[in-house]
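Colleague: quick one, what's the 3D model for this:
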Amino acid sequence: MIDRRSFLAGSAAAGALALAARRARAAEPGVSDTTLPRLLDTRRVIIDTDPGNDDAIAILMALSAPSLSVEAITVAPGNIGYAQEVRNALYMVDLAGFSGRIPVHAGMTRPILGRSYASASFIHGPSGLGQFVVPPVKQQPDPEHAVTAICRIVRRYPNQVVILALGGLTNVAMALLMDPGIARLVKGIQFVANANNAVPSFNAMVDPEAADIVFRSGAPITFGLGGPDSSILTPADFKTVRAMDTARSRFFMQSNALRLSFEMSARNAKGSVNGDPLATAMIIDPAIATGFKAVCARVELEGEYTRGTILYGENRYNMQPTPPPNANLCVAADNARFKALVFRTLAQA
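Modeller: Numbering: from 1, shown residues only. Sure, this is the predicted structure:
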């Protein structure tokens, strides 16, 4: 016969188990209950970029932000031919009014394993900047290699520098391989890619091995593009930009017309999708990012169609504990606040 004390103890234990079961069912598989620190109060950035049209606007935004000090621009493999990417980066520094004051470093010209990947000229145009013809500028690339520059700058400003990774992660991965200690010294890496997509994000697909190295490095990583409409600029927004009639707005219209038409016709989007400017906006104004998930992100290195895909949540089937998170995935962002920042940047004379 069960006495009253045993009955109550058994009931309490059963209740606790039921509550734990409900919480386990309510939690999203693969998402950690441990939150990761946000990238707040950023003052110093390195822009690691493969300047196509969205990178170009992101560079303008970062250089125009009074709160940011752009320590260097490093050029990564990515959207188009590497030499053209370097020329585009130099031109963007000139357009922003910082010619000769912000160094541009050439770096790794191909992925770590040297594997080829698809060009993104279908959305960026042959030169990377749509219909815009890139003129020559006086500034030349800095003689220091991009990988060396990344290591030097991070060590010079410990726990202050965010690497704004707008392209493939080859330069960043090589810096971590050359100097693993910078993983503990970098304030964070803001990477433009998404997770659990039907197809790999372009920047991860460019160099999956590099992405794998970065995600396994222990460096603080934020990635993700918010919701489906978080970085959208609609045809109406393009009309707003056209009416500004500044050198920057005219550049935007020429360089982004192809992006708008491709996104709407081929991807059925409501406008142009702007992952690089959104990632940059979240560093300038962290309030733009409104939702995060702490995940253990892994990079698929095999598969004909899935190589370069970033995944998390493998324990949703095997019911194992969620692994410790290694990255903050941004799942929601304020599109109106993002657009306002883009407009302020382009309206400047």
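Colleague: going forward, measure contacts and count neighbours with C-alpha atoms only.
Modeller: Noted.
Colleague: Thr42 touches Leu68, doesn't it?
Modeller: Yes: judged on CA atoms under 8 Å, Thr42 makes contact with Leu68 at a distance of 7.1 Å.
Colleague: so what sits against both of those two?
Modeller: Common contact partners of Thr42 and Leu68 (CA atoms under 8 Å, 6 or more residues apart in numbering): Ile284.
Colleague: so which bits of stretch 185-199 are buried?
Modeller: Under the neighbour-count criterion of 16 or more other CA atoms under 10 Å, stretch 185-199 has 185-195 buried.
Colleague: now for the nearest residue to Arg110 once chain neighbours are set aside, how many residues are close by?
Modeller: The shortest distance from Arg110 to any residue other than its chain neighbours is 5.5 Å, reached at Pro77 (CA to CA, 6 or more residues apart in numbering). Close neighbours of Pro77, defined as other CA atoms under 10 Å, add up to 27.
Colleague: what strand or helix carries Pro77?
Modeller: Following DSSP states H and E, there is no helix or strand that holds Pro77.
Colleague: my guess is it meets Asp48, correct?
Modeller: No: if you go by CA under 8 Å, Pro77 and Asp48 don't touch, sitting 9.7 Å apart.
Colleague: which neighbours do these two share?
Modeller: Taking CA under 8 Å, 6+ apart as the contact criterion, the common neighbours of Pro77 and Asp48 are Gly167.
Colleague: run through the residues that contact the residue nearest to Arg110.
Modeller: Counted by CA under 8 Å, 6+ apart, Pro77 has contacts 50, 108-111, 167-168, 170, 206.
Colleague: quick revisit: from the buried residues of stretch 185-199, which land in helices?
Modeller: The helices, defined by DSSP state H, take in Leu185 from those.
Colleague: what score does the residue positioned nearest the centre of the chain have for pLDDT?
Modeller: Nearest to the mean C-alpha position of the chain, counting by CA atoms, centre = their mean, stands Val192 at 2.0 Å. Looking at Val192, its pLDDT is 98.
Colleague: now the phi/psi pair for it, please.
Modeller: phi -90, psi 100 (degrees, to the nearest 10).
Colleague: is it true that it touches Leu225?
Modeller: Yes: the criterion here is CA under 8 Å, and Val192 meets it with Leu225 at 7.2 Å.
Colleague: so who does the residue nearest to the centre of the chain touch?
Modeller: Taking CA under 8 Å, 6+ apart, one finds 165-167, 203, 223-225, 275-276, 279 in contact with Val192.
Colleague: again, but for Ala297
Modeller: Going by CA under 8 Å, 6+ apart, Ala297 touches 195, 215, 310-312, 325-327.
Colleague: likewise Leu233?
Modeller: Applying CA under 8 Å, 6+ apart to Leu233 gives the contacts 270-274, 339.
Colleague: for it, give its distance to Leu169.
Modeller: Leu233 sits at a distance of 26 Å from Leu169 (criterion: CA to CA, to the nearest Å).
Colleague: got it, and Pro136?
Modeller: For Pro136 relative to Leu169 (CA to CA), the value is 27 Å.
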